[in-house]
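Trainee: here you go, sequence then predicted model.
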Amino acid sequence: MNHQNFELTIGWLYPKLMSTYGDRGNVICIERRSLWRGYNVRVLPLDQNTTAADIHTVDLLVGGGAQDRQQEIVMRDLQGTKADALREKIENGTPGVFTCGAPQLLGHYYEPAFGQRIEGLGILDLVSVHPGENTRRCIGNLVIEVTATRLARDLEEMIGSKPYLIGFENHGGRTKLGKVEALGQVVYGLGNNGEDGTEGAFYQNAIATYSHGPLLPKNPFVTDWMIQTALRLKYQQPPITLSPLDDTLAMQAREAMFKRLKVNFPTLALQQ
Ligand code: GLN
C-alpha cells in the first residue's frame, strides 16, 4: 500500500471536560507529524455523543487532565459498552497517551479531596488518592528517564541514546502502582506520589503520565513512536519507518530546559 494512503483516526477523550494545561497539544502534535508525512488524519472527539462503535474506529487515543468535578462527570458517562470498547482498544495495543486525570480514571479508582471515590475502569493496575486540601499539590517541571522495558528499548533505538522525557506536572492526587510497569523513574520533580520515584505507567501501548507540557511536542520522538505503532498495528506491514522531520528547535528547547533545571546527562548531545 502506498504510504500516502495511510489514514489515522485519533480518538480524543472528552475534549471539553478533559484538557487542562494545554493537553490538546498532544492531539495537534500527532496530527501535524502525521500530516507532514502525507498521512490522512481524522480527529474524533469521544464524548457523551459517542457510541462504542465510534471507539472501535480509532487508531490512537489521547486523554488529557481534568479537574476532580469533570472527572466525575466523565466517569458517569464512560460506562457499559463504551467502557468495554475503550478497554478492548487498550488491551489490543492501540497506542495512547493519557495525562494526569486520564490515567487516574483508567486505574481502579480516584479519591478526590472532597466527595466520593470515583470508580475507574480498572484497565491500569493503579489507584490514586488526593490526601486532602491541606496537602501541597505536586506542581513543577518534571524530567524522567523512561524505564518501561519495551518502550525504553524502542525509543533508545529511535534516538540513539537513553530516553529522557520532559514535562510539567500539576496534580493533587498521588498514584500508587500495583503490578503495572512504571513509565519511568523521576530525575527531577515528584512523579506518581513524590515518594517511590516512579512516574506514570506503561501498559500494552498505553502511556500514562503526570506530565503535561504537553508531553508530545516536548518529546517528539514519543509522538513518532505512537504513530509508528499505530500504523504497524493497522496496516500489519512492518517495517513502516517514518521519514525524519526537522526537530532542531524542539531539541534545542529540551536542552535549554535541562540546563535551566541543572539536569546533566552525558548522553544528551546525542538526542537529536
Ligand atoms: N484532578 C486530578 C488531581 O488533582 C487531576 C489533575 C489534572 O489532571 N491536572 O490529581
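Mentor: Looks like it came in fine. Numbers count the residues shown, from 1 in each chain.
Trainee: which stretches in the stretch 1-150 of the chain count as strands?
Mentor: In the stretch 1-150 of the chain, the strands defined using DSSP state E, counting those that start in this stretch lie at 7-13, 40-46, 60-63, 96-99, 109-111, 118-119, 126-129, 138-146.
Trainee: mean pLDDT added to those strands, as a markdown table?
Mentor: Output for the strands of the stretch 1-150 of the chain, formatted as a markdown table (pLDDT from 0 to 100):
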| stretch | mean pLDDT |
| --- | --- |
| strand 7-13 | 98 |
| strand 40-46 | 98 |
| strand 60-63 | 98 |
| strand 96-99 | 98 |
| strand 109-111 | 97 |
| strand 118-119 | 96 |
| strand 126-129 | 98 |
| strand 138-146 | 97 |
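Trainee: in TSV: those, plus distance to residue 226.
Mentor: All C-beta atoms are positioned from the backbone trio N, CA, C, and that covers glycine. Shown next, in TSV, are the strands of the stretch 1-150 of the chain (distance: least, C-beta to C-beta, whole Å):
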stretch	distance to residue 226
strand 7-13	10
strand 40-46	13
strand 60-63	6
strand 96-99	7
strand 109-111	25
strand 118-119	27
strand 126-129	21
strand 138-146	13
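Trainee: got a markdown table for these, with distance to the ligand too?
Mentor: Conversion of those to a markdown table gives the following (distance: least, C-beta to the nearest ligand atom, whole Å):
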| stretch | distance to the ligand |
| --- | --- |
| strand 7-13 | 12 |
| strand 40-46 | 17 |
| strand 60-63 | 10 |
| strand 96-99 | 7 |
| strand 109-111 | 7 |
| strand 118-119 | 10 |
| strand 126-129 | 7 |
| strand 138-146 | 8 |
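Trainee: and the ones you listed as a markdown table, adding mean neighbour count?
Mentor: Listed next are the strands of the stretch 1-150 of the chain as a markdown table, based on neighbours: other C-beta atoms under 10 Å:
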| stretch | mean neighbour count |
| --- | --- |
| strand 7-13 | 22 |
| strand 40-46 | 17 |
| strand 60-63 | 29 |
| strand 96-99 | 30 |
| strand 109-111 | 21 |
| strand 118-119 | 16 |
| strand 126-129 | 23 |
| strand 138-146 | 20 |
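Trainee: need the residues of the stretch 101-250 of the chain near the ligand, please.
Mentor: When proximity is defined by C-beta under 6 Å from any ligand atom, the stretch 101-250 of the chain lies next to the ligand at 101, 130, 170, 171, 172, 173.
Trainee: could you flag which of those residues are buried?
Mentor: 101, 130, 170, 171, 172, 173 (16 or more other C-beta atoms under 10 Å).
Trainee: my guess is residue 187 contacts residue 164. True?
Mentor: Yes: using C-beta atoms under 8 Å, residue 187 is in contact with residue 164, at 6.7 Å.
Trainee: looking at those two, which is more packed in?
Mentor: residue 164 (22 against 19; other C-beta atoms under 10 Å).
Trainee: now do that one, the pLDDT please.
Mentor: At residue 164, the model reports a pLDDT of 96.
Trainee: how near is it to residue 31?
Mentor: Going from residue 164 to residue 31 by C-beta to C-beta, to the nearest Å gives 25 Å.
Trainee: same question for residue 257.
Mentor: 24 Å.
Trainee: go on, residue 116?
Mentor: 36 Å.
Trainee: neighbour count: the two, which is higher?
Mentor: More crowded of residue 116 and residue 31, by other C-beta under 10 Å: residue 31, with 20 against 9.
Trainee: need the contact list for that one.
Mentor: 10, 41, 43 (C-beta atoms under 8 Å, 6 or more residues apart in numbering).
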